[in-house]
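Asker: Pasting a predicted model and its sequence here:
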Amino acid sequence: MKVLIVGSGGREHAIAASVSKSPKVEMIYCAPGNAGIAGVAECVAIKAMEFEKLADFACENGIDLTIV
């Protein structure tokens, strides 16, 4: 499963760390993410309010689950 997490704070870091423990998750992306999140997810240079870009990214990368 591919997961996209939207945000860049401590809450998103905690979510990414928890999601990374699931054996069902093959890839985690975080938009925009931060340096701490980069340890468990691939950060994507899309701001949280750029809805069209986020939707395009999700479609292009086969995202199965988005957490906002």
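Answerer: Looks like it arrived, so ask away.

Asker: Who's the closest spatial neighbour of Asn61, skipping the chain neighbours?
Answerer: Closest residue to Asn61 apart from its sequence neighbours, by CB to CB, 6 or more residues apart in numbering: Lys2 at 6.4 Å. In short, each C-beta sits where N, CA and C put it, glycine included.

Asker: and that neighbour, how many neighbours?
Answerer: 15 (other CB atoms under 10 Å).

Asker: can you pull the contacts of it?
Answerer: The contact partners of Lys2, taken as CB atoms under 8 Å, 6 or more residues apart in numbering, are Val25, Glu26, Met27, Ile28, Tyr29, Asn61, Gly62, Ile63, Asp64, Leu65.

Asker: Please enumerate the helices of the protein.
Answerer: 10-19, 51-60 (DSSP state H).

Asker: Point out the one among those that comes closest to Gly36.
Answerer: The closest of the helices of the chain to Gly36 is helix 10-19. By CB to CB, the value is 5.1 Å.
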